[in-house]
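1. Any chance you can model this:
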Amino acid sequence: MTLYLVVLLTLLNSIAQRGSKVVVSLYALDLGASAAAVGVLAALFAVFPLLLAVQAGRISDRYGVRMPIALGGLAMAAGLVLPIVVGGLPALFLCPALLGLGHIYFHVSIHNLVGSLGTPAERTRNFSTFALGASIAAFIGPSAAGFAIELAGYRAAFALLAVAAILPSFYVLLHRGLMPKHVRHETHTEAKSALDLLAIPALRRTLIMSGVALTGIELFSFYLPIYGRAEAAEGERHRDLRHLVRHDAHAEGLARAPCRRLVIGEDDGQRLRRAEREAERERRGGERCRIGQPRHREIGGRSDEQRS
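-> Coordinates of the predicted model:
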C-alpha cells in the first residue's frame, strides 16, 4: 500500500473530524444550548481518546490495522448521521462521543501503518508527508462545514462529513489485499501500562508538549466558531439599534412638520419671522443709543470740572 493512498484516506477522515467540531458547536448554539452544555460537548470529543488510546494501540498491534481503521470510520459516520436521524440536543451529545471513539482507533492504527511503510531511513519523510495531509484536512474540514451550513443547513453539513468519514472504511473493506493484516515492528517488547510509558524521559517530555499543543489547538478549533457567531450577533444588534434610532428620528421629523403647518400656517410663519427680524433690529439700535449716552455725560462732566 502506497503512502499517498494512506494520506488520502487520512485526509478524508480528518476532514470529517475537523469539520464536525464546527458543525456541532454551531448546531448546539442554534438549538439554544447553554455555555456549560457547549463545554460538555467539547469535552466529549476527548473522553474515549483519553480512556482508550493505549488500548487502541494494543488492538492495532494484536489484530492488525485494517479492522480498527474500518470500524473507526464507521463509528464516526454513525455519530455524524445521528443528529440527522434523531435531532435535538440529547442526540447531539452522543455525536462527539462516537466521533472520539471512532477517531482514536482510526488515528492510532493509521499512524501504526505509516510507521511500517518503507525503510527506517524513510520514516521521517513518510511522517512529514502524512502531517502535510493532516494540515490540508485542517483547512478543508472547517471551511467545507461552514459553507455547507451556509448554503444547505446543518443536516446537509452532517451528511457531507458522514460521507467523508465512511469512504475510507468502504475502501479498506473492499480492497483487503492493499492493506497488510499485520504491520511489522523492529522489536517486540512485552506490553506495559500507560504509567510505565511515563518513566521514559524522552517520551514523557514528548507527551507533555504534545498535550499542551493539542489542548490549545482543540480549544481554538471548537470555540472560534462560537466566538465568531457571538461577535456577529453583537454587530447585528448594534446595526439594528442604529437603524431604529435613525428611523425614529426621521419619523419624528415627518410627524412634526405637518403639526407646525397646522398650528401657525405657512403665511403666518413668514410674517412671524419678519416681525422677529424687525424687533431684533430695533433692539440693536436701542443698545447703540444706551451705549452712547454715558460717554456724553462723562465728557460733559469733565469739561465742567475743567471750567471750574
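2. and P96, how far is that from V40?
-> Here P96 is placed at a distance of 9 Å from V40 (CB to CB, to the nearest Å). For every residue, glycine as well, the C-beta is placed using N, CA and C.
3. now swap in R66 and tell me
-> R66 is 34 Å from V40, by CB to CB.
4. neighbour-wise, which of these two wins?
-> Legend: neighbour count by other CB atoms under 10 Å for R66 and V40, higher for R66 (21 against 14).
5. hang on, that one packs against V172?
-> Yes: using CB atoms under 8 Å, R66 is in contact with V172, at 5.7 Å.
6. residues making contact with the host helix or strand of G39?
-> Taking DSSP states H and E as the criterion, G39 maps to helix 35-44. The contact list for helix 35-44, computed with CB atoms under 8 Å, 6 or more residues apart in numbering, reads 21, 24-25, 28-29, 33, 89, 92-93, 96-97, 100, 218-219, 222-223, 226.
7. pLDDT weak spots in this protein?
-> 1, 177-197, 218, 221-225, 228-229, 232-273, 275, 285-308 (pLDDT under 70).
8. rewinding a little: give me the buried subset of the contacts of helix 35-44.
-> Among the contacts of helix 35-44, the ones that count as buried by 16 or more other CB atoms under 10 Å are 21, 24-25, 28-29, 33, 92-93, 96-97, 100, 222, 226.
9. what's the closest of those residues to G73?
-> G100 (13.5 Å; CB to CB).
10. could you say what helices and strands the helix or strand where that closest one lies packs with?
-> In the assignment (DSSP H and E), G100 maps to helix 89-116. Counting contacts by 3 or more CB pairs under 8 Å, 6 or more residues apart in numbering; DSSP states H and E, helix 89-116 packs against helix 3-30, helix 35-44, helix 47-63, helix 66-85, helix 123-152.
11. Output these in CSV; the columns should cover distance to A159.
-> Below are these laid out as CSV (distance: least, CB to CB, whole Å):
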stretch, distance to A159
helix 3-30, 10
helix 35-44, 20
helix 47-63, 23
helix 66-85, 6
helix 123-152, 8
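12. so which of those helices comes closest to I104?
-> That would be helix 47-63 among these, by CB to CB, at 4.2 Å.
13. Quick one: list the elements packing against that closest one.
-> Using 3+ CB pairs under 8 Å, 6+ apart: helix 47-63 touches helix 66-85, helix 89-116, helix 194-197.
14. now the ones you listed in a markdown table, with distance to L203?
-> Shown next, in a markdown table, are the helices and strands packed on helix 47-63 (distance: least, CB to CB, whole Å):
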| stretch | distance to L203 |
| --- | --- |
| helix 66-85 | 22 |
| helix 89-116 | 15 |
| helix 194-197 | 6 |
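15. right, and those helices - which one's nearest E276?
-> helix 89-116 (69.1 Å).
16. May I see the buried residues of that closest one?
-> Quick answer for helix 89-116 (16+ other CB under 10 Å): 92-93, 95-116.
17. and stretch 155-174, C-alpha only, in PDB?
-> Output of stretch 155-174 as PDB, limited to C-alpha atoms (Å, rounded to 0.1, in the frame of the first residue of the first chain):
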ATOM      1  CA  ARG A 155     -28.300  18.400   8.100                       C
ATOM      2  CA  ALA A 156     -26.500  18.700   4.800                       C
ATOM      3  CA  ALA A 157     -23.300  19.600   6.700                       C
ATOM      4  CA  PHE A 158     -23.600  16.500   8.800                       C
ATOM      5  CA  ALA A 159     -24.300  14.300   5.800                       C
ATOM      6  CA  LEU A 160     -21.300  15.700   3.900                       C
ATOM      7  CA  LEU A 161     -19.000  14.900   6.800                       C
ATOM      8  CA  ALA A 162     -20.500  11.500   7.300                       C
ATOM      9  CA  VAL A 163     -19.700  10.600   3.600                       C
ATOM     10  CA  ALA A 164     -16.100  11.800   4.100                       C
ATOM     11  CA  ALA A 165     -15.800   9.600   7.200                       C
ATOM     12  CA  ILE A 166     -17.300   6.400   5.700                       C
ATOM     13  CA  LEU A 167     -15.400   6.500   2.400                       C
ATOM     14  CA  PRO A 168     -12.100   5.300   3.900                       C
ATOM     15  CA  SER A 169     -13.900   2.400   5.700                       C
ATOM     16  CA  PHE A 170     -15.500   1.300   2.500                       C
ATOM     17  CA  TYR A 171     -12.200   1.400   0.600                       C
ATOM     18  CA  VAL A 172     -10.400  -0.600   3.300                       C
ATOM     19  CA  LEU A 173     -13.200  -3.300   3.400                       C
ATOM     20  CA  LEU A 174     -13.500  -3.600  -0.300                       C
END
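18. what sits up against it?
-> For stretch 155-174, using CB under 8 Å, 6+ apart, the contacting residues are 9-10, 12-13, 15-17, 19-20, 23, 66, 69-74, 76-77, 80-81, 83-84, 102, 106, 141, 144-145, 148-149, 179.
19. picking up where we left off before, what comes up buried for the helix holding G39?
-> Applying 16+ other CB under 10 Å to helix 35-44 flags 37-38, 41-42, 44 as buried.
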